[in-house]
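>>> Sequence unavailable; structure follows:
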């Protein structure tokens, strides 16, 4: 699902050599990143979305589709097929099932961690994460890469407790900019639990000031 306009505007400003697009879906964000990055690795475990992502990569060859989920450990992972999400080609983490309707199945898909992937591929300058409730596991599986290379991060947070845990893990090296999701009014209880988190390494923040 494409991100709201304010988040898209932020993504369009980011430039670099290598981007990791985690939760690539059909490639809306990968297409944007491909204009500003030399190489975009786009990870998508749902076969419905992956097929469209592969078609996009024929037009934009600097997008490299990876038919895997990204999580804490490499191997395999069970993701939920939910009644609403699969219509958009998404698989869902158990942390976020209630927002996508009834569970209609489970798929076991190949999985890899950021740390494992980056051992054999170019490290990221930027990481986008939109994984329907699985974002904390993605971060945990990439801590060595994140701490070692300090990529800028864009995370769609689907539960406030997950956002708080991510901040706790990274607050010593990142500053965070929280953007509310425009789909919710100020009074909506879901506004607190579904938002966008941009993380900039503290070193980069300091360099902008001096």
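Ah, there it is. Being a predicted model, the structure only gives us computed values, none of them experimental. Numbers count the residues shown, from 1 in each chain.
>>> Confirm that residue 187 lies within a strand, as I assumed.
No: under the criterion used here (DSSP: H, G, I helix; E, B strand; the rest coil), residue 187 is coil, not part of a strand.
>>> what number of residues lie near it?
By other CB atoms under 10 Å, 6 other residues sit near residue 187. Every C-beta, even on glycine, is put in place using the N, C-alpha and C of the backbone.
>>> Please shift the residue numbers so they start at 24 in all later answers.
Yes, from this point I'll number from 24; that puts the last item at residue 210.
>>> quick one, phi/psi of it?
phi -90, psi -10 (degrees, to the nearest 10).
>>> tell me the mean pLDDT for stretch 160-171?
Regarding stretch 160-171, the rounded mean pLDDT is 96.
>>> Buried residues in that stretch, which are they?
Along stretch 160-171, these residues count as buried under the neighbour rule (16 or more other CB atoms under 10 Å): 160-165, 168-169.
>>> From those, which land in helices?
Those of the buried residues of stretch 160-171 mapping onto helices are 160-163, 168-169, per DSSP state H.
>>> what comes into contact with stretch 142-153?
24, 26, 34, 37, 39-46, 48, 52, 56, 60, 62, 64, 93, 137, 141, 158, 161-162, 165, 168-169, 171-172, 174-179 (CB atoms under 8 Å, 6 or more residues apart in numbering).
>>> okay, how far is it across stretch 204-220, tip to tip?
10 Å (CA to CA, to the nearest Å).
>>> Now do it: distance to the chain's middle.
Distance of stretch 204-220 from the chain centroid (CA atoms, centre = their mean, to the nearest Å) equals 18 Å.
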